[in-house]
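**Student:** Sequence below, structure please.
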Amino acid sequence: MDLVFRSSHKKIQNDNVEEFEKVFRKLYKPLCQYAYRFLLDMDSAEEIVQDLFYNYWKKRKTIAIETSLKSYLYQAVKHKCYKAINHEAVKEKYTFETKHSAESSNNATTNTVEAAELAQIIDDTLNQLPDRCRQVFELSRYEGLKYHEIAKKLSISIKTVEANMGKALRLFRINLKEYGQITC
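**Tutor:** Predicted coordinates for the structure are as follows:
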């Protein structure tokens, strides 16, 4: 049979349509079954084999076949199947990475929006505090001063600093309760 296919390529190169159709009829189904073993999808297998025959006919004059035409076609199907499998793997990886990137972007956007909302609530809460209370809170939380340092700087007692901090923290807990466990 391989000897028959050796001469087939020469005939097909000389534009023998009947020989091409004969090869197509004899090898189409076996090539599809061979491709199916790789792809596990008959539609994809048939598409690969049809594409192979189309391109073979189109390039028949320039294709140099060292083996039989049958061997060449089987090798070409195997190569196209591997290429299709790799292409699917790349598509799946790209889809996963795109989805993951979009989720990360959405999370970053959500985090940015939440941070902006949180900053606004903090600013609003600071503006609700009496001046002395706000001043004590800012010295403690933003400048990192200890209670006795705040008392000395503002010329007030440590007890007054503690009372103002307690008042500020209570208001922050109330205003920030929707953000869960926030420790001030």
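**Student:** which residues of this structure score low on pLDDT?
**Tutor:** Scanning the chain for pLDDT under 70 picks out 1-6, 99-111, 113, 179-184.
**Student:** could you point out the longest helix in it?
**Tutor:** If you go by DSSP state H, the chain has its longest helix at helix 69-128.
**Student:** State the distance from A116 to C133.
**Tutor:** For A116, the distance to C133 (Cβ to Cβ, to the nearest Å) stands at 25 Å. All C-beta spots, glycine's among them, are computed from the backbone N, C-alpha and C.
**Student:** Those two: which is more packed in?
**Tutor:** Comparing A116 with C133 by other Cβ atoms under 10 Å, the one with more neighbours is C133, at 19 against 10.
**Student:** The more buried one against A168, yeah?
**Tutor:** Yes: with contacts counted by Cβ atoms under 8 Å, C133 reaches A168, the gap being 5.3 Å.
**Student:** host element of E149?
**Tutor:** For E149, the host element (DSSP states H and E) is helix 147-154.
**Student:** list the buried ones in that helix?
**Tutor:** By neighbour count on 16 or more other Cβ atoms under 10 Å, the buried set for helix 147-154 is 147, 150-151, 154.
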